[in-house]
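Enquirer: Sequence first, predicted model second:
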Amino acid sequence: MANDPDVVVIGAGFAGLYAIHRLRERGLSVHGLEAAEGVGGTWYWNRYPGARCDSESYYYCYAFSRELEQEWDWSERYPGQAEILSYLEHVADRFDLRRDISFSTTVVSAAHDGDRWVIDTEDGGRWTCRWLVTAVGCLSSANVPDIPGLEPFAGEWHHTGQWPHEGVDVAGRRVGVVGTGSTGIQAIPVLAESAGHLTVFQRTANFSIPARNAPLAPEEAAGYKADYAAIRELQQASTNGHPFVVSDVDTLALPDDERRALLERAWERGGLRFRAAVRDVLTDPAVNEEASDFLRSKIHETVDDATTAEALTPRDHPFATKRPPIDTGYFETYNRADVSLVDVRADPIAAITPRGVRLESGTEHPLDVLVFATGFDALSGPLLRLGIRGTGGQSLADAWAEGATTYLGLGVAGFPDLFTITGPGSPSVLTNMPTSIEQHVDWIADLVVHLRDHDLEAEPTPEAQARWAEHVREAADATLLPQAASSWYLGANVPGKPRVFLPYAGGFARYREMCDAEAAAGYPGFALRARQRAA
Ligand code: N01
């Protein structure tokens, strides 16, 4: 298959590794192209201090191999970056995936020539294939704000998603962090431990729930291993791909003390389960306000200085309408004498100077190290970077000029035989990613086999795509999610990006059923055509 496999998979993180394995199993020749020097995707790049998964280890992993589930031992309730990377390296070796991956190979363009995809790489390589599968992740395109003066900054600066492998020495130095999303909230307490002084530049105060991370006791780990069949069933039937049952308690009907006790128990348990403990939290404004108020009160209980506590208290969006971070000692960090909070909503960053950060008021914060925990051009960004062109040379960037639209998050009208794992319009980032990834890969593999067996090509019909876009919008509007004006779910974090709610908020189980129905009905949302072979 000299540079011409049946399928090219771009990316070798959770999605790409499983796609290579699964497509191979189905008898296809597959090759992976990966920009990094190794496997891991998100977990290869995000090596910032404190990087850890917010899903628990026993279910933030593949479910496709019962042997793998039993063999691998997680050491903590929430797996750290290095442990997840080791896991993915183990998967790559165990399933002999590396022989079909080119590393340090960045895709610069991918064009459909009427018959095949032609993929060019930065190093001058060219690959052709019938089916192109993108496994580029949803949060892999770093968003470094365009603040004047970054070039002449005399200190060093880093984006958390491109953290140097050798680490960054912050010991005794003046460190600034811009951003208080999930990443900033994980990094800030760890950076504070060794920095000489840490300054946090906060634009939007965020809710956060204690992770309550701990070593995984051998009996607990053994319990999960014994129970995997039931755990996987729960995940498949869930809204978010987590093995939690969402509470059926009507919290508003409870007396005040019982409601408070319920929230306290959820707080003590910690993690993303807090959200599942409060029924209707994302659909009923009154329920949400109770939970939001409870979390605000915890910030005020934790942070000693009342002014700092209030500055850290979110009042502009309901709880969980932005992706809820979970933390280890985040709010407590602001009680340290060597940590200060700067409200850059009140006094925005005007420029980076050679010495540090200057605010619009003229105040300058001298820094040795500046950390951008400023997030990503999410979901559509990683796909737009690939330089994809479909029928008639139309670019994906043009097709998505008004916002990213897909059919089921899996394909785009005008782009034949292109399949997008966890693309815009899929549940992806609203779920436990490995669960969504496996569902997508299995579904794509079935479709590709169908196309191979019947010598067809496929692309979504414009009608099916328009219906799906409308459904994605309705699903978001049925929740409180669009109320967070600064959310990356809406593209609001990237200047000039169209405001479209990108992930599918209708729930994982419902989505999976719709995908299954699409396949069972013979793919009515796709135009299936006899292949037009090039002369
Ligand atoms: O990025 P974010 P993230 N000036 O976009 C601020 C996943 N994740 O990397 O809210 C000043 O959430 C921005 O402010 P605002 C998870 O899905 C998972 O933290 O736009 N500030 C915000 O505070 C998560 O949601 C895990 O006003 C600026 C922050 O930067 C997603 O990744 C761990 C600014 C960006 O927050 C993204 O999280 C970490 C500017 N010009 C992340 N531009 C695990 O589970 C942006 N900000 C392991």
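Expert: Cool, got the structure.

Enquirer: Going by C-alpha atoms from here, please, whenever you check contacts or count neighbours.
Expert: Noted.

Enquirer: Show me the shaky parts of this protein.
Expert: Where the chain drops to pLDDT under 70, the residues are 1, 532-535.

Enquirer: would you say Leu370 is within a helix?
Expert: No - with DSSP: H, G, I helix; E, B strand; the rest coil as the criterion, Leu370 is strand rather than part of a helix.

Enquirer: what sits against it?
Expert: 155-158, 175-178, 356 (CA atoms under 8 Å, 6 or more residues apart in numbering).

Enquirer: what about Leu418, distance to the ligand?
Expert: Distance from Leu418 to the ligand, counting by CA to the nearest ligand atom, to the nearest Å: 25 Å.

Enquirer: Show me what counts as buried in the helix or strand containing Lys225.
Expert: Per DSSP states H and E: Lys225 is located in helix 218-226. Using 16 or more other CA atoms under 10 Å as the test for burial, helix 218-226 gives 221, 224-225.

Enquirer: and if you look at stretch 72-87?
Expert: 73-81, 83-85, 87.

Enquirer: Farthest-apart pair in those, please.
Expert: Spanning the widest gap among those are Arg77 and Leu85, at 16.0 Å by CA to CA.

Enquirer: What's the local residue count around Ile147?
Expert: Ile147 has 12 neighbours, counted by other CA atoms under 10 Å.

Enquirer: Can we start the residue count at 270 from this point?
Expert: Understood, numbering begins at 270; the last thing we discussed is Ile416.

Enquirer: Validate this expectation: it resides in a strand.
Expert: No - secondary structure of Ile416 (three-state DSSP): coil, not part of a strand.

Enquirer: Touching, Gly450 and Ser477? I think so.
Expert: No - if you go by CA atoms under 8 Å, Gly450 and Ser477 don't touch, sitting 9.3 Å apart.

Enquirer: Now for those two: what residues contact both?
Expert: Pro594.

Enquirer: The contacts of Leu639: which ones sit near the ligand?
Expert: The subset of the contacts of Leu639 within reach of the ligand, counting by CA under 6 Å from any ligand atom, consists of Val447.

Enquirer: Make a ChimeraX selection of the buried ones in the contacts of Leu639.
Expert: This is the ChimeraX syntax for the buried subset of the contacts of Leu639, where burial follows 16+ other CA under 10 Å:
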select :424,426,427,444,445,446,447,625
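
Enquirer: Can you tell me which of the contacts of Leu639 lies closest to Gly765?
Expert: Val447 (20.2 Å).

Enquirer: and the stretch 620-769 of the chain, which of its residues are near the ligand?
Expert: Close to the ligand, as judged by CA under 6 Å from any ligand atom, the stretch 620-769 of the chain has residues 642-645, 755, 757, 762.

Enquirer: can you put these in JSON lines and add secondary structure and distance to Ala790?
Expert: Formatted as JSON lines, those follow (DSSP: H, G, I helix; E, B strand; the rest coil; distance: CA to CA, whole Å):
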{"residue": "Ala642", "secondary structure": "coil", "distance to Ala790": "45"}
{"residue": "Thr643", "secondary structure": "coil", "distance to Ala790": "43"}
{"residue": "Gly644", "secondary structure": "coil", "distance to Ala790": "39"}
{"residue": "Phe645", "secondary structure": "strand", "distance to Ala790": "37"}
{"residue": "Ser755", "secondary structure": "coil", "distance to Ala790": "39"}
{"residue": "Trp757", "secondary structure": "helix", "distance to Ala790": "34"}
{"residue": "Asn762", "secondary structure": "coil", "distance to Ala790": "39"}
